[in-house]
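[1] Let's see this in three dimensions:
(2 chains)
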Amino acid sequence: MKALFTLVFIVLSSSSFATEQAEQLFNQLKPSLYQIKLIDKASGEKSSIGSGFQISEDGIIATNYHVISSYALHSKKYRIEYLNSEGDTGLLTLQSVDVINDLALVKRKIDTTSSDEISFFQLSKTAPHKGEQLFSLGNPHDLGMIVVPGTYNGLKKESFNERIHFTGSINSGMSGGPVVNKQAEVVGINVATSGNSIGFLVPHDKLQNLYQDFLLTPPESIELQMTAQLTANQNKLMTEILNSPWQAKTLGKHGVIPIIDVPFIRCWGDSNADKADALILTAVANCSLDENTYLSSRFFTGAMEIEFRYMQAKDIGANKFYHLYQQQIAHAGAGNRAGKDNVTQYQCHHDLVMPDNQMINNKSILCTRAYKKFPDLFDVLYLSASIDKNKQALVSHFTVAGIDQKNALAFTRKFMEAVSWN
Amino acid sequence: MELIKEAFVTNKVDVKELVIEEINRNHKLLHRHKIDKPCINIGRDYHNDIILADPHVCPSHISIDYIDKQWQITDNHTINGTFIENSKEKKQDANQHIVRDGDVINLGKSQLRLLFSDHAVAPTVAFSPFESFINLMRHPVALFISIAFFTIIAGSIIYFNKPIEVNFSQLLVPAIGITLGFALWPAGVALVSHFTKNDARLMAQLAVSFVLFNLMWFSSILENIVTFNSSGNNILPIFMTFTSVMLAFGLFWLNSYIGFHMSSKRRIVISACLTILLFGGSYLIQYSKKPDFNPRPNYNATIMMPSFLLTTSSNVDEFIEDSSKLFDKTSKKAQEE
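    Below you'll find the model as predicted:
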């Protein structure tokens, strides 16, 4: 009985200690926290809001790229403003972005004549350890600055670009806000949530790198900087994918498909084996890269999806099988969202193709569309349908967003040669 | 020239025979009378030689008399008058007019054409080779076969594209429906030719139309095979589209050949216009529905079972080589826009 009391007491005291600590931290950090607002010049009203925090004496404020993305792409339409804890507002200028890690640096004018000491956040030197208590700061839904306690749960396993898994509720509007440890050092930046207290943070070292690069060579133009980052990222991704083992796997009875053995590509499967009245037995394997680089609210890139479909006719003739099969492959669409301002329309090429191993004969289609603002980057869609068996078919399909010509063709070649019959 | 013609006419009119044709506004023949009397009475009451039912015609409207080897029109002080149809002057009073071969006179709302019995007729039109083809096709057995063939193809297309199991009657009803729908076209053409005082010839229209419809099925299957066997670089599929345009033109040409009497030049113009209307119209409809920007790719997904595969396939290198041109093409587009 006594033991139980102690336990309850300890739990109680530690929780009240945490609250106290959060309050203390918040008051200490409040002056360096900002709400970032994007103001539409024509209407004079805010079009998006987020949070930001000062990281240097000379007024550099870190936030998310997606908070200021509209300004980065259409700088004439918007202006960026901040709102600090004392209710003062002022203009911000965009200095540098890291579109892959969703970070941006903006700058506010510092009054040099004022003798007040300017406080700013310190970036942590070390990564937090698993289970460490962290505090996320930000301004959710324009409700005012808040502090949310939570725990560090390591890096998200399946993501190509590192993200911290943070257990604690992050809400929209807190984007760009800092996450600090008990020593008030920044260990991450709020970026996304998948609900139910699962939040994602950009690790602080990404911000460190961006800031150091900015101090060394400030970017000439944000658009060129973004192009360089997108190009470098797809190069890194494709080099890793092309150099990873591709394991041959059987799909359905006779299909052979490649499964790319990297942790950031995850696969799912389904079939209609339980449907007795289906005319065609279908087995589907889906693999995708869970990465979606945000460029604007209507333009995402970096995604990759791969789909294989094995089909076998049950009680129907070859002619009918091929008619239904054609319906299945007639409506492939893009894997990422993009609009008229961002990309051209797709251009396609189709041909009958047999790889050198002569194991399969396909009708193959490759379509590409080019990015308008980021030269030499493309969205690519590939679809291939086997045409050499009367009552069996193997469809192989992929879409890759934001890839250059060399990588796209290298990937297509390797993909085409990896699909066959056994 | 005018004088010589006049003299020629006056000299020849001693036969005393006049052909009077009742014609409609488009100069299509309604009735023809050949009269061998020196005085011809025309009007609405029953003692006339030619009785017109037109309420705007007076009971004794005109008389045409043979005087001095000439026919002369006399208007009997009618309410609505009598006029010579003349391209130069709109209304030329017909009273005391000396008839010339081919004159058209207006009485009330009726038209009469006056011809002398030696009026030259158009040369005889020889049977075209199509005539024997049409006669062969309109034979009941041939007609039945082509309609049955059409229905079978329609039914099998429905069968091939149904993703669920279907029984015979589920196919038969829509197949017959499609056949009846397509039969509306020849039936419509026959109806129009009937109303324009031509021979309806429904069986011939049906026969010819269904033969052409079957040829169109056949050409679309052929087009599919060609598309399936050719790569994106091949221009052969465009020629196949040309074939279906020619078939449509052939259908319209035969329809008008059977249904209407007209000069061959006019027939070609009308068929060409209908073909342009059909293909141009469907192109316009497609074009107007096309969105400003299509986020989906528009590719050729034609596949057929292996027995239709007639060509050898390219290898991966060739495909990659051809595809690489797409990147240049879209890059150029992106820079332009």
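
[2] Strands of the stretch 51-200 of chain A, start to end?
    For the stretch 51-200 of chain A, the strands defined by DSSP state E, counting those that start in this stretch cover A:60-63, A:78-84, A:89-98, A:103-108, A:122-123, A:133-138, A:146-155, A:164-167, A:178-180, A:185-193, A:198-203.

[3] before we move on, what about chain B?
    B:18-23, B:29-35, B:39-43, B:50-51, B:62-67, B:70-75, B:82-84, B:92-93, B:103-107, B:110-116 (DSSP state E).

[4] Worst mean pLDDT among those?
    The weakest mean pLDDT among the strands of chain B belongs to strand B:92-93, with a mean of 82.

[5] Outside of it itself, list whatever touches it.
    The contact list for strand B:92-93 (Cβ atoms under 8 Å, 6 or more residues apart in numbering or on different chains) reads B:75, B:81, B:82, B:83, B:84, B:86. C-beta coordinates here come from the backbone N, C-alpha and C atoms, glycine included.

[6] Around chain A, which positions in the stretch 101-250 of chain B sit nearby?
    B:159, B:160, B:161, B:163, B:164, B:165, B:228, B:229, B:231, B:232, B:233 (Cβ under 8 Å from any Cβ of the partner chain).

[7] ok, now with 10 Å
    Residues of the stretch 101-250 of chain B lying close to chain A (Cβ under 10 Å from any Cβ of the partner chain) are B:156-157, B:159-165, B:224, B:227-234.

[8] Going through these, which ones are buried?
    Among these, those scoring as buried are B:157, B:159, B:160, B:224, B:227, B:228, B:229, B:230, B:231, B:232 (criterion: 16 or more other Cβ atoms under 10 Å in any protein chain shown).

[9] Quick check: helices, which of the residues you listed are part of them?
    B:157, B:159, B:160, B:224, B:227, B:228, B:229 (DSSP state H).

[10] What are the neighbouring residues in contact with the closest residue in space to the second one that isn't next to it in sequence?
    On the basis of Cβ to Cβ, 6 or more residues apart in numbering or on different chains, the spatially nearest residue to residue B:159 that is not a chain neighbour turns out to be residue B:171, at 5.5 Å. Counting by Cβ atoms under 10 Å, 6 or more residues apart in numbering or on different chains, residue B:171 makes contact with B:151, B:152, B:154, B:155, B:156, B:157, B:158, B:159, B:162.

[11] Swap in 8 Å and give it another go.
    B:155, B:158, B:159.

[12] Make TSV out of the strands of chain B and add mean neighbour count and distance to residue A:246.
    Listed next are the strands of chain B as TSV, based on neighbours: other Cβ atoms under 10 Å in any protein chain shown; distance: least, Cβ to Cβ, whole Å:
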stretch	mean neighbour count	distance to residue A:246
strand B:18-23	18	85
strand B:29-35	12	83
strand B:39-43	20	98
strand B:50-51	16	96
strand B:62-67	19	100
strand B:70-75	18	100
strand B:82-84	20	93
strand B:92-93	13	94
strand B:103-107	20	88
strand B:110-116	20	87
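
[13] and residue A:419, which of those is closest to it?
    With Cβ to Cβ, the closest approach to residue A:419 among the strands of chain B belongs to strand B:29-35: 73.6 Å.

[14] Which strands or helices does the closest one pack on?
    strand B:18-23 (3 or more Cβ pairs under 8 Å, 6 or more residues apart in numbering or on different chains; DSSP states H and E).

[15] Relative to the whole chain's centre, how far out is the strand it packs on?
    28 Å (Cα atoms, centre = their mean, to the nearest Å).
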